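Visitor: What follows is a predicted protein model with its sequence.
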Amino acid sequence: MPRFTMGDHDVMSYDEYLRGIRESYERIGEERLGGGLGVGEGDDELLGDVVTAEMGDEMGDEMDDDEEDDEEHPGSEAEEQDHAFNPAALGLKEINNLAHFGVSSHRPGNGVAELLSEDLDKYWQSDGQQPHLLTIHFLRRVEIRTIRFYVDYNQDESYTPTHIVFYAGTGHHDLIQFAEVPLTNPVGWQDVPIADSGGGADGHSLCCWMVQMHIKENHQNGKDTHIRGIKIYALDDQSLGGSTAACEPATHALSTDLDEHLGSVLAAQDRQDESFQELLDAFERHPISMSNFGDSMREPVIR
């Protein structure tokens, strides 16, 4: 027999709880009408409906409490998702500090500073025609392993992107598309697919100077867009499991090649110095006199 708790009552079976209600009704009836009001066996079904309604009310209250908790903590799911991504464990480091971020347009107070803030309640809001552009220009050539951006459909609705295209290159003149990201009611951090981009030792890195994000469409045909954060990661050679060990053989080979090349250059320079010295010695042994040349080589004379 299933047992349950109702309010402050002890845990009891359904029949025990139903019997207690019947006895309460009978006692109240006897007190008020001198025993003229009672509850018969035929009223069990009615009492069952009352109990079911009361249980439904309590369950509804609990569900409302859960919904209120969800409203108080709207980013809990996204926070759990972010905790699951551990850059250090993957041998990655954030390289946002190596780049200059620029946007095609923005509302006052909702620009690049808000986009790069660690506070996900802040965001970049565009203020212009589509597509909306986010341009990331690095100070040097980088080897990108992961690109992540944060969007929240629950909060932004029609400002949430549905179609984003990513480009990369050395500058504005040679940008090439490398990824396309469709989104449907997204909430949380989104990963841009860059595997098999061809860069790095394993071909899974994106090697470039510039990355550009084109937001082409929003949910519900929204005009402007919201992006609440973006992070870019590269391999961390200093972390455990980084690429330092893998790079050591290649570095040693490069150093050896450079030493051999430098040695050959110095040897060639020594040979050139010897040849030049021999030429000087020859001039000293056989000095050249202007008399050996014709009139055409003498100083001009005004006559």
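Guide: Now that the structure is in, tell me what you want to look at. Because the structure is a prediction, the values reported are computed rather than measured.

Visitor: How about the backbone phi and psi for the closest residue in space to Leu120 that isn't next to it in sequence?
Guide: Taking CB to CB, 6 or more residues apart in numbering, and ignoring the residues beside it in sequence, Leu120 has Arg228 as its nearest neighbour in space, at 5.0 Å. For the C-beta atoms, the positions are set from N, CA and C on the backbone; glycine is no exception. Recorded main-chain torsions at Arg228 are phi -100, psi 0, according to degrees, to the nearest 10.

Visitor: how about the strands of the stretch 101-250 of the chain, start to end?
Guide: 124-125, 132-152, 161-169, 176-182, 187-191, 206-218, 226-227, 229-235 (DSSP state E, counting those that start in this stretch).

Visitor: need the contact list for the residue nearest to Leu120.
Guide: For Arg228, the residues meeting the contact criterion (CB atoms under 8 Å, 6 or more residues apart in numbering) are Leu115, Leu120, Asp121, Lys122, Tyr123, Trp124, Tyr150, Val151, Asp152.

Visitor: Which pLDDT value does the model give the first one?
Guide: In this model, Leu115 is scored at 98, pLDDT.

Visitor: count of neighbours near the nearest residue to it once chain neighbours are set aside?
Guide: Sequence neighbours aside, Trp124 is the residue nearest to Leu115 in space, at 3.8 Å (criterion: CB to CB, 6+ apart). By the measure other CB atoms under 10 Å, the count of residues near Trp124 is 26.

Visitor: Let me know the average pLDDT across the one helix or strand Ala282 maps to.
Guide: Counting by DSSP states H and E, the element that carries Ala282 is helix 244-285. Taken as a whole, helix 244-285 has a mean pLDDT of 63.

Visitor: now do stretch 145-153
Guide: For stretch 145-153, mean pLDDT rounds to 97.

Visitor: List the buried residues for that stretch?
Guide: Within stretch 145-153, the residues that count as buried by 16 or more other CB atoms under 10 Å are Arg145, Thr146, Ile147, Arg148, Phe149, Tyr150, Val151, Asp152, Tyr153.

Visitor: Turn those residues into TSV, including distance to Ala234.
Guide: Converted to TSV, these look like this (distance: CB to CB, whole Å):
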residue	distance to Ala234
Arg145	6
Thr146	8
Ile147	10
Arg148	13
Phe149	16
Tyr150	19
Val151	23
Asp152	26
Tyr153	29
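
Visitor: Kindly indicate which of those lies nearest Asp202.
Guide: Proximity of these to Asp202 was ranked by CB to CB; the top entry is Arg145 with 10.0 Å.
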